[in-house]
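With the sequence up front, the predicted model follows.
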Amino acid sequence: MLSSKPEIAKCYQEGLVNRRALARYLIQKQVAPKNQFDAVVAMLRRFPFEEYTHNQKEARTLFKTARITLKDNIVILDFKKDKQIIQKLQKIISHINYDAGDTLKIVLGTSSVKVFIDQRNLELLKESLEDFTLKSTIKKISEISLQFSDDAIKTRGIVSIISTELLLHDIVITELLTASPELLVYVKEEHVLKAYEVVKSLQT
């Protein structure tokens, strides 16, 4: 019930509503049946808010020291998975200048291969991968990189905090990658300033 309404859980955790008021609200919003008021109150008593809040606090502490960087003009290409495409991509890697900050990330899925690359290097892919099936192309994407301390690898709730906060601010996550302790969030460039503000607010 509450997992589908993160904004409600957040208000409860911050002490903005009590159990009975929250139960009435859930029934009013048809999240719970009208004749189940006492059952909803009982459910809220059993819900492990204290444990959940403790985990959230532990995870939020790591945001205070996280290094946050932005990068624009990224393109995400989704290819149909093919054995030959991996060989082609290996050749492209030699043309990418990582020392200069170039982006090239390759994600192998069950049925597709996704490539994250800078707009300026897009021609490298077009020349090498034109014979493969391109399912979709998403341009004007920004990358928000959060580099945490090594403690992030063993801390619960970090991805949950990011996804929930962006959800509450109506920001769509286009893609999300992890290379623990680094978290990479991809959003459309039109939303990146708002997304950045949301992420930065987690450091206060």
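Thanks, I have the structure now. Numbers count the residues shown, from 1 in each chain.

how far away is the residue of the chain most remote from its centre from residue 20?
Centroid-distance maximum for the chain: residue 35 at 37.3 Å, with C-alpha atoms, centre = their mean. Distance, residue 35 to residue 20, using C-beta to C-beta, to the nearest Å: 16 Å. Bear in mind the C-beta positions are built from the backbone N, C-alpha and C, glycine included.

For stretch 35-46, which residues meet the burial criterion?
By neighbour count with 16 or more other C-beta atoms under 10 Å, stretch 35-46 contains the buried residues 40, 41, 43, 44.

I misspoke; the intended subject was stretch 67-78.
For stretch 67-78, by 16+ other C-beta under 10 Å, it's 71, 73, 74, 75, 76, 77, 78.

what about stretch 186-202, how long is it end to end?
Stretch 186-202 has an end-to-end distance of 18 Å (criterion: C-alpha to C-alpha, to the nearest Å).

please begin residue numbering at 35 from this point
In the new numbering, first residue 35, that becomes stretch 220-236.

So which residues make contact with that stretch?
Residues outside stretch 220-236 that contact it (C-beta atoms under 8 Å, 6 or more residues apart in numbering) are 94, 97, 102, 104, 106-108, 110, 150, 174-178, 180, 195-196, 199-200, 203, 205-211, 219.

residues touching residue 182, list them.
96, 97, 99, 100, 192, 215, 216, 217.

The first one is in contact with residue 187, isn't it?
Right, residue 96. No: assessed by C-beta atoms under 8 Å, residue 96 is found out of contact with residue 187, at 10.4 Å.
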